[in-house]
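Enquirer: Have a look at this prediction, sequence included:
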Amino acid sequence: LPQGPVCTNLGLKPGQRLTVKGKIAPNAKSFVMNLGKDATLLGLHFNPRFDAHGDVNTIVCNSKKVEEWGAEHREAVFPFQKGGTAEITFGVNQNDVTVHLPGHQFTFPNRLNLSVFDYFDTQGDFTLQSLSWE
């Protein structure tokens, strides 16, 4: 997947939120947002798939420790449209990350027990327009 911007030293701790806004490509197949300690320790790999890896209109989440992926978690709710805009907020909690989507939210466990999320990147058919955290 084409690599978008990479952020390091975010310093997101429990109780803080990261809001991502951007545009989805008109012919999008999938895009990815990674949140973690660094590129090798990903607490949350967030991957909406329009049509990729045998999934259609499915959000797949996972974690990655160096080269080792965890178990995939799938969300059936899919509030994204090709050529549309997306606003996603990641809320960091002690034991999980809450993903806020338009009209839907779910949590993903902090499997790597990260105390701080320093790293964020986007990949694939998504153009980052703004990033804010509080």
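Expert: Received the coordinates, thanks.

Enquirer: Name the residues that touch the lowest-mean-pLDDT helix or strand in the chain?
Expert: Here the helix or strand of the chain ranked lowest by mean pLDDT, DSSP states H and E is strand 3-7, holding a mean of 92. Contacts to strand 3-7, defined as C-beta atoms under 8 Å, 6 or more residues apart in numbering, come from residues 39, 119-124, 126-128, 131. No exception for glycine: its C-beta is placed from N, CA and C like everyone else's.

Enquirer: 10 Å instead?
Expert: Here strand 3-7 makes contact (C-beta atoms under 10 Å, 6 or more residues apart in numbering) with 18, 22, 31-35, 39, 118-128, 131, 133.

Enquirer: Name the strands paired with that strand and say parallel or antiparallel.
Expert: When pairing is defined by DSSP bridges, strand 3-7 lines up against strand 119-124 (antiparallel).
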